[in-house]
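**Student:** got a sequence here, can you build the structure:
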Amino acid sequence: MPTFRVAGKMFATLPEDETSIAVRCPKEERDELVLAEPGKFWIAGHEAQFAWVRARLSALEDENELRDILADSWRQAAPPRLLDTHPKLGLLSAD
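**Tutor:** Predicted structure coming up:
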């Protein structure tokens with residue numbers, strides 16, 4: 001399973017079936033996402049205790065939504081020093 005990291009911290013994984021992506025997401029936001037859009041987001045059983053959510057790739061609106069999801073997850077994993085030095089890295093798109 002491919003994993004994506006920033007400064008050694010994982011911020012996304014692509015499961016073997018490549019139909020979804022797992023990303024970091026605060027538990028409070030995660031629960032709201034799943035309730036609001038259950039066809040798009042869900043919590044894998046083995047990830048329930050962690051701040052991760054799955055997104056169905058086929059349910060995403062477009063590549064901008066995927067980019068925003070990945071950017072948000074990246075910013076959660078990036079060390080503060082990197083964010084302070086490069087404050088625009090990983091910002092969500094303006095769309």
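**Student:** what sits against residue 15?
**Tutor:** Residue 15 makes contact with 1, 21-22, according to Cβ atoms under 8 Å, 6 or more residues apart in numbering. Every C-beta, even on glycine, is put in place using the N, C-alpha and C of the backbone.
**Student:** repeat for residue 27
**Tutor:** residue 51 are the contacts of residue 27 under Cβ under 8 Å, 6+ apart.
**Student:** dihedrals phi and psi, it?
**Tutor:** phi -60, psi -40 (degrees, to the nearest 10).
**Student:** tell me which helix or strand comes right after the longest helix along the chain.
**Tutor:** Taking DSSP state H as the criterion, the chain has its longest helix at helix 63-77. Sequence-wise, the next helix or strand downstream of helix 63-77 (DSSP states H and E) is helix 80-85.
**Student:** okay, buried residues for that next one please.
**Tutor:** For helix 80-85, the neighbour count (16 or more other Cβ atoms under 10 Å) marks residue 82 as buried.
**Student:** done for today, thanks.
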